[in-house]
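Novice: Got a predicted model here, sequence first, then my questions.
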Amino acid sequence: MDTKDTISVLNDLIETSKDGEKGFRECAEDLKSPQLKTTMLQRAQDCASAAAELQQLVRSLGGDPETSTSMSGDMHRRWVDLKSMLTGKDDEAILNECERGEDVALKSYRKALEKDLPADVRAVVEKQLQGVQRNHDQVKALRDAARAAS
């Protein structure tokens, strides 16, 4: 895989991380539980850190790092906003959408790892995939708890 392709894969993951950061922040705004708000803001910060790490990798490869969210992420957030207006914003519904966003992130990271990435880049992507999996599992557990409480 040449450097240009590696930079492209990393830029896709930067968009994914930026989507996650924005998605978690929007979830935090809508959640009623202060503990859930805090958790979502921590996850947003994790996504921001992941994006920054990937941006530094792109720079070290001589590339121009992505700085924005993806079009599909923006469309998903608009859909969530519309759906929330129609159905209300209970914590379980918000966590459902948060989990859906993390499903997309997992898919993006797994797709990136199917590529023939340089070893140092692969190590970073694998480490970040573990963080995305942790976020997904935590959001799912919180959603399940909210569902059980309702």
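Specialist: Structure received.
Novice: Report the contact partners of the spatially most central residue of the chain.
Specialist: Residue closest to the mean C-alpha point of the chain, counted by Cα atoms, centre = their mean, is G20 at 2.7 Å. Contacts for G20 were tallied using Cβ atoms under 8 Å, 6 or more residues apart in numbering; they are 43-44, 47, 50, 101-102, 105, 132, 135. C-beta: built from backbone N, CA, C; applies to glycine.
Novice: Within the helices and strands, which one has it?
Specialist: Here G20 sits within helix 3-30, counting by DSSP states H and E.
Novice: tilt between the helix or strand just after that helix and helix 3-30?
Specialist: Note on helix 3-30: by DSSP H and E, the next helix or strand toward the C-terminus is helix 34-60. Put simply, helix 34-60 runs at 160 degrees to helix 3-30, going by axes from the mean of the first three to the mean of the last three Cα atoms, to 10 degrees.
Novice: Show the average pLDDT along helix 34-60.
Specialist: Regarding helix 34-60, the rounded mean pLDDT is 96.
Novice: what comes up buried for it?
Specialist: 36-37, 39-41, 43-44, 46-48, 50-51, 53-55, 57-58 (16 or more other Cβ atoms under 10 Å).
Novice: out of all of them, which helix in the chain is the longest?
Specialist: When the chain is parsed with DSSP state H, its longest helix is helix 119-149.
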